[in-house]
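K.L.:
quick check, what structure comes out for this input:
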Amino acid sequence: MPISKSMKVLVVDDYKTMVRLIQNLLKELGFNNLDEASNGVEALAKLRQDSFGLVISDWNMEPMTGYELLQAVRADANLKALPFILVTAESKVENVIAAKKAGVNNYIVKPFNAATLKQKMTAVFGEF
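P.N.:
Numbers count the residues shown, from 1 in each chain. Down below sits the predicted model:
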């Protein structure tokens with residue numbers, strides 16, 4: 001699926017600083033149609049009421065983790081094809097395997113920069 005820089009990207013993280021950091025990296029890459037959510041519950045509500053082209057979500061959040069959000073998105077007929085990238089500070093092999101089984105499109109380990117984000121997004125969408 002080709003990428004459009006005008007698509008809406010939802011950044012989900014319970015740390016405002018991380019949301020701003022990811023949004024700034026996306027802006028560096030030319031994406032300006034950005035929204036944010038501070039947890040999986042809020043993100044799922046936004047996903048169900050608006051149209052997004054990509055979700056970039058932190059793994060560790062309360063009350064709904066990024067992994068649980070991914071599972072909810074994949075279980076929803078209207079959202080299941082939505083590209084989804086999980087971000088985590090932990091590169092545990094079992095987490096990567098669980099995320100892949102749940103249908104994640106890609107996985108980013110913190111810390112990362114714009115080049116890494118572009119590489120992960122290119123793996124999902126192709127060159128942009």
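
K.L.:
name the residues of stretch 27-45 that are buried.
P.N.:
Counting neighbours by 16 or more other CB atoms under 10 Å, one finds that the buried residues in stretch 27-45 are 29, 31, 34, 36-37, 39-40, 42-44. C-beta coordinates here come from the backbone N, C-alpha and C atoms, glycine included.

K.L.:
reformat those residues into JSON lines and put secondary structure next to each item.
P.N.:
Putting the buried residues of stretch 27-45 into JSON lines (DSSP: H, G, I helix; E, B strand; the rest coil) gives the following:
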{"residue": "Leu29", "secondary structure": "coil"}
{"residue": "Phe31", "secondary structure": "coil"}
{"residue": "Leu34", "secondary structure": "strand"}
{"residue": "Glu36", "secondary structure": "strand"}
{"residue": "Ala37", "secondary structure": "strand"}
{"residue": "Asn39", "secondary structure": "coil"}
{"residue": "Gly40", "secondary structure": "helix"}
{"residue": "Glu42", "secondary structure": "helix"}
{"residue": "Ala43", "secondary structure": "helix"}
{"residue": "Leu44", "secondary structure": "helix"}
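
K.L.:
the helices in this structure, which residues?
P.N.:
16-28, 40-49, 66-75, 93-102, 114-125 (DSSP state H).

K.L.:
related to what we said a few turns ago, identify, from the buried residues of stretch 27-45, the entry nearest to Ala98.
P.N.:
Gly40 (15.4 Å; CB to CB).
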